[in-house]
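Student: Following is a predicted model, sequence given first.
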Amino acid sequence: MEESSGENVKLVKRTKEEKKLLRKQIKASHTLLKHEGINTVSLPTKSLVVANGGLGNGVSREQLQDVLRESGCVESLLMPPCKPYAFVTYGSVEDAQRAHTSLNGRQLHCQGQGVTLYLSFVEKVGCESEVSTQLPPGLKVLEEFVSPEEEARLLDSIDWASPNDVVTAQKALKHRRVKHYGYEFRYDNNNVDKDKPLPGGLPQVCDAVLERCLWENHIEVRPDQLTINQYEPGQGIPPHVDTHSAFEDTILSLSLGAKTVMDFRHPDGRSVAVVLPARSLLVMKGESRYLWTHGITPRKFDMVPACDSATPQMVTSDPGDLTLSKRATRTSFTFRKVRRSPCQCAYPSACDSQRAPTTPGAPALPRDDGDASRLETRYVHQVYEQIASHFSSTRHSPWPRVGDFLRSLPPGAVLADVGCGNGKYLGVNPDLWAVGCDRSCSLVQICADRGFQAFVSDALRVPLRDGVCDACISIAVIHHFSTQERRLAAVNELIRLLKPGGRALIYVWAMEQEYNKQRSKYLKEKDPKSDDRDGPSPEPMTDNTLGHGQGDAGNDDACLAQGQPKLTVHTNRTAFTSQDLLVPWHRKGGASKVSDTSDESKLPESDPVFHRYYHVFCEGELEDLCRKVKNITIQTSYHDQGNWCVIVEKTL
Ligand SMILES: O=C(O)CCC(=O)C(=O)O
Ligand SMILES: [Fe+2]
Ligand SMILES: [Zn+2]
């Protein structure tokens, strides 16, 4: 052993830190392989993958470039949109090696958060998931459609201070504020009252713009409905298709004040991020209007092309040329023509005019916490009691990555599985002190019968002391809470159980059932009656039912006071059409143990179908929820077979 002279102690300490760094770097490259399919190599090459140095972590191109240039000449820097990593290629292997030695473990401060860079050599750069560079068919973005003076005039004309005038219907939504002219667009039924025009029609200040749209043939008839949306940084609009039965084909949207990025998604999973510069006009027609969803992800920064080239780039696709752009207040004027007869478009899967009416008696979205709790009692808790044994018989194999997490915990660690179901995770790592809880007595009884420790508890109030757990898991649970407040409360409760340094793994079902061009197992199974999603599973968006979510309904809009929108009944093994829905469970084999009195969630005798409430999460939503929780950091987030997943660590 070394003498404990001052010098040696320092030496030993440095070695320890180096070892720790190496461990973290190896861990980062494992994560890249597992979650992103990126292979790292140990022999030096000219290219490196920079874990945590991605746009998705809030690192800007300029910031990363400055750091990387310290080590040599940077040949290229690829920053794929929304990803937590970047690829750098140096002019020589020596430069890359220098970066590998000096930048590993480097801390950056971005958007108020610290990130640590880990670099590993790679043989090839780039990512599997190519983003389309083509605009959705029927979509146009016309730059500089209005002059700065016209923009100022339009913006000045909006009087947000008089919310109760009779000409407009003004609403403060949780994620933006809106005003309607001509007809009120109602977020409760995602439609307009066609017999109740608002007095005054469209404001005169829009005349010149509309004349130009007619003159240039962007529209054939003059719009009679205007919605003004105003978004502060961090706000957005959920993905939706404007209700077919409400409006005619062409939809125009004028962007004023600041640019933003609008995400378009095809039901097959393709997505295109379109930059909408200030003073541009978006024209949505045909396929882009009827079939693709559009939405604005609530965030404070967008990923946009870095160079101000002469040819304007509308589609944020080239990872070699992306950077962050800070959002500012954006105001949009969306002009539409109210439809007077049923829509006969060529996209029946997305057309509410061409769809059978929804299930009578379907419940509505909750208006308040009381509603939410009643909805969950009926459409979550009671259903699980009724389907417990059949449900349990379909839930045997642990999802691989949940297993990996459990096996990564040290022997003797205390684990709580909140919402443990039939206990399929409680025995995965026999070296843990594992305890489960679930809201369903029948499922807890199944755990006990299998020799596991479990108790009945609501995930919002777990009867365990603060900080008793080294780890917690919440697998396919939080999507059963029907308001954002309740989903947040469930995450808070999970974190409360963790000791500082403890980690939690959360899985929720994803709106996107196709990701990186891969369809989830859930989608791949063909039988729509089968809901045995005994494996993680997500999905792309296809059609749209009556619940469109324009009104942030899925995000608990405050404006849904009178008459909430009804929840749609999902067709299993198809893409989700809205974020809040009822997923049918077809019970096979044997009668229910629990008598169901007059339960609407149970349909005809012969084929017992039960409906479970779900809120499926959009990309980024789970992370956003976690960011609202104090004293945690997100260690990793990923998409796993149709689920959004995070691992968070408690810091304090
Ligand atoms: O803000 C925008 O440009 C789009 C608004 C929108 O999609 C809507 O109100 O339906
Ligand atoms: Fe829209
Ligand atoms: Zn239609």
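Tutor: It's in. Ligands and ions are numbered 1, 2, ... in the order given.
Student: Any regions of the stretch 551-652 of the chain where pLDDT drops low?
Tutor: 551-564, 588-607 (pLDDT under 70).
Student: Which parts of the stretch 351-500 of the chain are helices?
Tutor: 369-376, 382-393, 400-407, 441-449, 484-496 (DSSP state H, counting those that start in this stretch).
Student: now do the stretch 151-300 of the chain
Tutor: Using DSSP H, counting those that start in this stretch, helices in the stretch 151-300 of the chain cover 207-215, 286-290.
Student: which of these is buried the deepest?
Tutor: Compared across these, helix 286-290 shows the largest average neighbour count, a mean of 21 (mean count of other C-beta atoms under 10 Å). C-beta coordinates here come from the backbone N, C-alpha and C atoms, glycine included.
Student: Go through the helices of the stretch 351-500 of the chain and name the closest to residue 305.
Tutor: helix 484-496 (32.5 Å; C-beta to C-beta).
Student: Just the C-alpha atoms of that closest one, please, in PDB.
Tutor: Extracted C-alpha coordinates of helix 484-496, given in PDB (Å, rounded to 0.1, in the frame of the first residue of the first chain):
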ATOM      1  CA  GLN A 484     -52.400  16.900 -14.700                       C
ATOM      2  CA  GLU A 485     -52.600  17.900 -11.000                       C
ATOM      3  CA  ARG A 486     -53.200  14.300 -10.000                       C
ATOM      4  CA  ARG A 487     -50.500  12.900 -12.300                       C
ATOM      5  CA  LEU A 488     -48.100  15.400 -10.700                       C
ATOM      6  CA  ALA A 489     -49.300  14.500  -7.200                       C
ATOM      7  CA  ALA A 490     -48.600  10.800  -8.000                       C
ATOM      8  CA  VAL A 491     -45.000  11.600  -9.100                       C
ATOM      9  CA  ASN A 492     -44.500  13.800  -6.000                       C
ATOM     10  CA  GLU A 493     -45.700  10.900  -3.800                       C
ATOM     11  CA  LEU A 494     -43.300   8.500  -5.400                       C
ATOM     12  CA  ILE A 495     -40.400  10.900  -4.900                       C
ATOM     13  CA  ARG A 496     -41.400  11.500  -1.300                       C
END
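Student: which other helices and strands contact that helix?
Tutor: On a contact count with 3 or more C-beta pairs under 8 Å, 6 or more residues apart in numbering; DSSP states H and E, helix 484-496 meets helix 369-376, strand 469-475, strand 498-509, helix 621-627.
Student: Pull the residues that contact the first one.
Tutor: So that's helix 369-376. For helix 369-376, the external contacting residues (C-beta atoms under 8 Å, 6 or more residues apart in numbering) are 363-364, 366, 480-483, 485-486, 564, 613.
Student: got the contact list for residue 581?
Tutor: Contacts for residue 581 (C-beta under 8 Å, 6+ apart) come out as 547, 567-570, 613-614, 616.
Student: The residues you listed: which two are farthest apart?
Tutor: 569 and 616 (13.9 Å).
Student: which of those two has more neighbours?
Tutor: residue 616 (26 against 15; other C-beta atoms under 10 Å).
Student: Surely that one and residue 480 touch.
Tutor: No. Using C-beta atoms under 8 Å, residue 616 is not in contact with residue 480; the gap is 10.9 Å.
Student: Do you have the strands of the stretch 501-650 of the chain handy? List them.
Tutor: In the stretch 501-650 of the chain, the segments counted as strands under DSSP state E, counting those that start in this stretch are 514-515, 518-519, 568-569, 580-586, 609-615, 632-640, 643-650.
Student: What is the burial count for residue 50?
Tutor: 28.
Student: Offset the numbering so it begins at 46, please.
Tutor: Yep, numbering from 46; the last one is residue 95 now.
Student: Show me what it is bridged to.
Tutor: Taking DSSP bridges as the rule, residue 95 bridges to residue 131, residue 164.
Student: Just the pLDDT for it.
Tutor: Listed pLDDT for residue 95 reads 94.
Student: what's the answer for the one 10 residues further on, then?
Tutor: On pLDDT, residue 105 comes in at 87.
Student: Could you pull out the strands in the stretch 346-495 of the chain for me?
Tutor: Using DSSP E, counting those that start in this stretch, strands in the stretch 346-495 of the chain cover 346-350, 367-371, 375-381, 459-463, 478-483.
Student: Dump the ones you listed into CSV; add distance to ligand 3 and mean pLDDT as well.
Tutor: CSV is the format used below for these (distance: least, C-beta to the ion, whole Å; pLDDT from 0 to 100):
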stretch, distance to ligand 3, mean pLDDT
strand 346-350, 30, 82
strand 367-371, 34, 81
strand 375-381, 14, 98
strand 459-463, 43, 98
strand 478-483, 42, 97
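Student: how about these in a markdown table, adding mean neighbour count and distance to ligand 1?
Tutor: As requested, these are exported to a markdown table (neighbours: other C-beta atoms under 10 Å; distance: least, C-beta to the nearest ligand atom, whole Å):
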| stretch | mean neighbour count | distance to ligand 1 |
| --- | --- | --- |
| strand 346-350 | 21 | 14 |
| strand 367-371 | 20 | 17 |
| strand 375-381 | 24 | 3 |
| strand 459-463 | 24 | 37 |
| strand 478-483 | 22 | 39 |
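Student: Any idea which of these gets closest to residue 512?
Tutor: Short answer: strand 459-463, nearest of the strands of the stretch 346-495 of the chain by C-beta to C-beta, at 10.2 Å.
Student: follow-up on the earlier one: which stretch in the helices of the stretch 396-545 of the chain is the model least sure about?
Tutor: Among these, helix 427-438 scores lowest, with a mean of 87.
Student: for stretch 115-134, the distance to its chain's centre please.
Tutor: 25 Å (C-alpha atoms, centre = their mean, to the nearest Å).
Student: Show me which positions of it end up buried.
Tutor: 116-117, 119, 122-134 (16 or more other C-beta atoms under 10 Å).
Student: near ligand 1 too, which of the residues you listed?
Tutor: Among the buried residues of stretch 115-134, not one lies near ligand 1 by C-beta under 6 Å from any ligand atom.
Student: Identify the farthest-apart pair in the residues you listed.
Tutor: 117 and 127 (27.9 Å).
Student: contacting residues for the closest residue to residue 532 other than its chain neighbours?
Tutor: In space, and not counting its chain neighbours, residue 532 is closest to residue 526: 4.5 Å by C-beta to C-beta, 6 or more residues apart in numbering. If you count contacts by C-beta under 8 Å, 6+ apart, residue 526 has them with 417, 421, 504, 532, 534-535, 660.
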